[in-house]
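Novice: need a 3D model of the following:
(chains A and B)
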2 protein chains.
Amino acid sequence: MIKIVVAGIDIGGTNTVIGLVDRFGNIIFKTSVSTRDAETPAMLVENIFAAIDPYLRNNSLILDRIGVGAPNGNFYTGNIEFAPNLPWKGIVALGKLFQDKFSVPVKVTNDANAAALGEMRFGRANGMNDFIFITLGTGVGSGIISNGQIVYGHDGFAGEIGHVIIERNGRQCGCGRKGCVETYCSAGGIVKTYQELSNNIAVNDSKQVAELAAKGDKHAIETFEKTASYLAFTLANAVAFTSPKAIFIFGGPSNAGDLLLAPLKIKFEENLLEIYKNKIPILRSGLAENDAAVLGAASLMFS
Amino acid sequence: MIKIVVAGIDIGGTNTVIGLVDRFGNIIFKTSVSTRDAETPAMLVENIFAAIDPYLRNNSLILDRIGVGAPNGNFYTGNIEFAPNLPWKGIVALGKLFQDKFSVPVKVTNDANAAALGEMRFGRANGMNDFIFITLGTGVGSGIISNGQIVYGHDGFAGEIGHVIIERNGRQCGCGRKGCVETYCSAGGIVKTYQELSNNIAVNDSKQVAELAAKGDKHAIETFEKTASYLAFTLANAVAFTSPKAIFIFGGPSNAGDLLLAPLKIKFEENLLEIYKNKIPILRSGLAENDAAVLGAASLMFS
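Specialist: Now for the predicted structure:
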C-alpha cells in the first residue's frame, strides 16, 4: 500500500538527522548525514536525497512535504541567516535548495520553534493554544505559541528568550552583550556557576554537575538552585508577556529532573505577579529527546 | 439616512467616556458619565443607556455593537476582575450587563489592549501584524499584537509589561512585588526619580518634571534620562519575545517628547540583540490622547 510521509529534517552543526514521519507522529525511517562534511549547502541537500530516496522507492512511500529545523532558520524567507555553528557563512537559501531538489513544498524554521510545534502536535502541549517552550543546551532557545500559532515576529526572529538580559553587566554572552539568560541557564552557564562556587575547573560538563549534585555535593546542589533562580526569574517575567497555559522545559540540563525543577517551581511561583500564581505548570517536554527535533521539523508541515 | 455605529466605551476610575463611532473612525458623538457615582455596575450601564439612547433615536443611528475597554477587563469572560481603581470589588460581569441592556454583541478588554487595537485600525500601526503598544500613565500598560492578533494568553491576562521586574529588590510596586517597570516608568515613577535626584518633594506631577527639564533643570533632565534607560532596557528585552515591527508609546509622560524619546531611542539600540538593531522604530502613538480609549474600545468590534 502506498503511504504518504513528511520528512522532518534537523540540521545540527555536526550532523543532520532526517526522519520520515506519518501523520500520527510515527517515525517510519530515521537516518543521518554529516553536516560538517558537506562543502556547500547544495551538497548537503544532495546527500540527504541520496540517504532517503532509495528507502522511499523501496517502501512505496510518497514524500509529500519537507519541514526543516535549523539554527537561525527563518520561517518567512526559508533561509538560514548567519548561523554561528554551521559550516556555511552568511545567508543560505536552504528552503529553495530543498524545493528544487525534491519538488515538494518546504518550510524552514529555527530548531526551538520546530520543537515547540512538535510538542503541540505530538507532545504534552496537545490542544494548548498558548504556551512557552524552552530548550536548555549549548544555548537557551525558545518557541512561543500564542493564539495557537508560533510567534515569529515581523521578521521571523521572535522567541529569543535566551537573549533576554537578566543581569545587567553580568556574564559575557556569545552575542556580544552581557548578562543574557543563556550565560546562566545553558549547559555552559551551569558549568561556569559550578566552577565559580567550587573553584574546581576540572568539572566541565553540566552532566557531571548533575551527577555530583545527585551524590550530595553542596556546590553542585547550589549550582542547580542558582540556575533555577535565574530561570525562574526569566520565566516569571516571560509570563507577563504571553500568559501561557504551561511552560515546557526541554534538553540536557532538564534531565537533572527535580534537582533543577523542584527549586525552579518554587522560585517561579515566588516571582509571579498575583494574577498568574498557581495556574501555570512547568513541565518537562513530552517528546523523546532523540526524536524531538525531527518530529518538530515534520510538524511544520502538519500545522 | 440611517447610519450604523459602534459604541466605544472607556471605563475609568472617575469617569466613563462613551463615543459613537462609524467604521471610518469618526466619533459622531461623545459624552461621559460618572463611574464613581454609580453605586453598582448595573447603574453605570443604565446611566450609559440614558446618556446615548436619545441621541441615537434623534439622529437615526443604529447601535450595532459595543466595545468596552476597562481596567482588568477580560476579553474571554467579558468580566472586570479585581480592578483596584474601580468602585466595585471582585468579579463584575460587565459584558453581560451591557448585553442585557442593549441587546447587541459586546466585547470587553483591558484599556491598553483596546488602545493597541485602536492604533492598529485608526492610528500609525495600520497594516502592521506585529507591534507593541505601551501606555505610560498612572501605571504602565501594554498591548502586544502578534500575527495580527492581540496576545491575550490562555486566560486573557497577557500583556502586562508594566509588571516585568527590571530591578530585583527595586522599588516597591502596588502589585506587592519589587522593581516592576511601572515603579520606574509610570508618571509616579518619574516623580519619584526626580524627588530622589533633587531632594525636592514639592514636585509631585510628572508634567512639572517635564516643564523643569524643558527649562534646563539638571535633575529633571537626568530624571528623563534614567526613565529612558529603564524603559529602553525593558523594550529591548521585550523585542526578544515578539520581534515587533515597531513600538508605540502613548500617554502623559510620552508628551515630554524628545526629552524622553531621544535618550530612549539611543539606549534602546544599545541594549538590542544584534539581529534586531536598526530596524524597530519607537514611535509616538498616532491616536489623539482624548479619543484613543474610545476608538480603541470601538476597534474591538471592528476587528
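
Novice: how many neighbouring residues does the closest residue to residue A:170 other than its chain neighbours have?
Specialist: Distances taken as CB to CB, 6 or more residues apart in numbering or on different chains place residue A:179 nearest to residue A:170, at 2.9 Å, with adjacent residues excluded. C-beta: built from backbone N, CA, C; applies to glycine. Other residues lying near residue A:179 total 17 when counted by other CB atoms under 10 Å in any protein chain shown.

Novice: can you pull the contacts of residue A:179?
Specialist: A:165, A:166, A:167, A:168, A:169, A:170, A:171, A:173 (CB atoms under 8 Å, 6 or more residues apart in numbering or on different chains).

Novice: buried among those? Make that a ChimeraX selection.
Specialist: Per 16 or more other CB atoms under 10 Å in any protein chain shown, the buried members of the contacts of residue A:179 correspond to this ChimeraX selection:
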select /A:165,166,170,171,173
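
Novice: what separation is there between the residue nearest to residue A:170 and residue A:160?
Specialist: 14 Å (CB to CB, to the nearest Å).

Novice: kindly report the same for residue A:95.
Specialist: 21 Å.

Novice: neighbour count winner among the two?
Specialist: Under the criterion of other CB under 10 Å, the comparison of residue A:95 against residue A:160 puts residue A:160 first, with 27 against 22.

Novice: flag every residue of the stretch 151-300 of chain A that's near chain B.
Specialist: Within the stretch 151-300 of chain A, the positions lying close to chain B (CB under 8 Å from any CB of the partner chain) are A:151-161, A:163-165, A:168, A:175-177, A:233, A:236-238, A:240-245, A:271, A:273-276, A:279.

Novice: so which of these are in helices?
Specialist: Of the positions in these, A:233, A:236, A:237, A:238, A:240, A:241, A:242, A:271 sit in helices, assigned by DSSP state H.

Novice: pLDDT added to those, as a markdown table?
Specialist: Output for those, formatted as a markdown table (pLDDT from 0 to 100):
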| residue | pLDDT |
| --- | --- |
| A:233 | 98 |
| A:236 | 98 |
| A:237 | 98 |
| A:238 | 98 |
| A:240 | 97 |
| A:241 | 98 |
| A:242 | 98 |
| A:271 | 97 |
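
Novice: what does the pLDDT read for residue A:303?
Specialist: Residue A:303 carries a pLDDT value of 64.

Novice: now name the helix or strand holding the nearest residue to residue A:198 once chain neighbours are set aside.
Specialist: Nearest residue to residue A:198 in three dimensions, chain neighbours excluded: residue A:219, at 3.9 Å (CB to CB, 6+ apart). Per DSSP states H and E: residue A:219 is located in helix A:218-242.

Novice: read off the pLDDT value for the residue of the stretch 1-150 of chain A found nearest chain B.
Specialist: The stretch 1-150 of chain A approaches chain B most closely through residue A:130 (4.2 Å), counting by CB to the nearest CB. Residue A:130 is assigned 98 on the pLDDT scale.

Novice: same deal with residue A:290?
Specialist: Residue A:290 is assigned a predicted lDDT (pLDDT) of 83.

Novice: burial count for it?
Specialist: The tally of other residues near residue A:290 (other CB under 10 Å) stands at 10.

Novice: for it, helix, strand, or coil?
Specialist: Three-state call for residue A:290 (DSSP: H, G, I helix; E, B strand; the rest coil): coil.

Novice: kindly state the pLDDT recorded for residue A:13?
Specialist: On pLDDT, residue A:13 comes in at 85.

Novice: got it, and the one 10 residues further on?
Specialist: In this prediction, residue A:23 carries a pLDDT score of 88.

Novice: list the contacts for the nearest residue to it once chain neighbours are set aside?
Specialist: Once flanking residues are discounted, residue A:23 sits nearest to residue A:302: 6.5 Å by CB to CB, 6+ apart. The contact partners of residue A:302, by CB under 8 Å, 6+ apart, come to A:6, A:23, A:121.

Novice: of those residues, which is the most crowded?
Specialist: Ranked by neighbour count under the definition other CB under 10 Å, the contacts of residue A:302 are headed by residue A:6 with 23 neighbours.

Novice: am I right that that residue sits in a strand?
Specialist: Yes - assessed by three-state DSSP, residue A:6 belongs to a strand.

Novice: doesn't residue A:61 make contact with it?
Specialist: No - counting by CB atoms under 8 Å, residue A:6 does not reach residue A:61; the two are 10.4 Å apart.

Novice: any common contacting residues for those two?
Specialist: Counting by CB under 8 Å, 6+ apart, the contacts common to residue A:6 and residue A:61 are residue A:20.

Novice: before we move on, the earlier item: just the buried subset of the ones in helices among the residues of the stretch 151-300 of chain A next to chain B, please.
Specialist: Burial by neighbour count, 16+ other CB under 10 Å: within those this picks out A:233, A:236, A:237, A:238, A:240, A:241, A:242, A:271.

Novice: for the stretch 51-200 of chain A, which segments are assigned as strands?
Specialist: Using DSSP state E, counting those that start in this stretch, the strands of the stretch 51-200 of chain A run over A:61-69, A:80-81, A:91-92, A:106-109, A:131-136, A:140-146, A:149-150.

Novice: would you convert these into TSV that also reports mean neighbour count?
Specialist: As requested, the strands of the stretch 51-200 of chain A are exported to TSV (neighbours: other CB atoms under 10 Å in any protein chain shown):
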stretch	mean neighbour count
strand A:61-69	21
strand A:80-81	22
strand A:91-92	19
strand A:106-109	26
strand A:131-136	28
strand A:140-146	28
strand A:149-150	22
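
Novice: name the residues of stretch A:274-287 that are buried.
Specialist: For stretch A:274-287, a neighbour-count test (16+ other CB under 10 Å) marks A:275, A:276, A:280, A:282, A:283, A:284, A:285, A:287 as buried.

Novice: now, among the residues you listed, which is nearest to residue A:138?
Specialist: residue A:285 (16.8 Å; CB to CB).

Novice: bridged to the residue nearest to the closest one when sequence neighbours are not counted, which residues?
Specialist: Ranked by CB to CB, 6+ apart and with sequence neighbours excluded, the top spatial neighbour of residue A:285 is residue A:250, at 3.8 Å. Applying DSSP bridges to residue A:250 gives these bridge partners: residue A:135.

Novice: and residue A:250, how far is that from chain B?
Specialist: For residue A:250, the distance to chain B equals 18 Å [CB to the nearest CB, to the nearest Å].

Novice: and the pLDDT at that residue?
Specialist: The per-residue pLDDT reported for residue A:250 equals 94.

Novice: quick one: it from residue B:258, how far?
Specialist: 45 Å.

Novice: so between these two, which is more surrounded?
Specialist: Comparing residue A:250 with residue B:258 by other CB under 10 Å, the one with more neighbours is residue A:250, at 28 against 10.

Novice: just checking, the more buried one touches residue A:288?
Specialist: No - between residue A:250 and residue A:288 there is no contact under CB under 8 Å: 10.7 Å.

Novice: what about chain A, any weak spots by pLDDT?
Specialist: Chain A contains residues with pLDDT under 70 at A:303.

Novice: which residue ranges make up each domain of it?
Specialist: According to automatic domain parsing, chain A comprises the domains A:3-115+A:291-299, A:126-284.

Novice: out of those domains, the one nearest residue B:91 is which?
Specialist: For the domains of chain A, the distance to residue B:91 is smallest for domain A:126-284, at 12.3 Å, taking CB to CB.

Novice: and of the contacts of residue A:179, the nearest to chain B?
Specialist: Nearest to chain B out of those is residue A:165 (CB to the nearest CB; 6.1 Å).

Novice: and the gap between residue A:284 and residue B:82?
Specialist: Using CB to CB, we find residue A:284 at a distance of 33 Å from residue B:82.

Novice: over to residue A:120?
Specialist: In terms of CB to CB, residue A:120 sits 31 Å off from residue B:82.

Novice: which one's more surrounded, the two?
Specialist: When residue A:120 and residue B:82 are compared for neighbours, residue A:120 comes out ahead with 26 against 14, by other CB under 10 Å.

Novice: thought residue A:128 was touching that one, still the case?
Specialist: Yes - the criterion here is CB under 8 Å, and residue A:120 meets it with residue A:128 at 6.7 Å.
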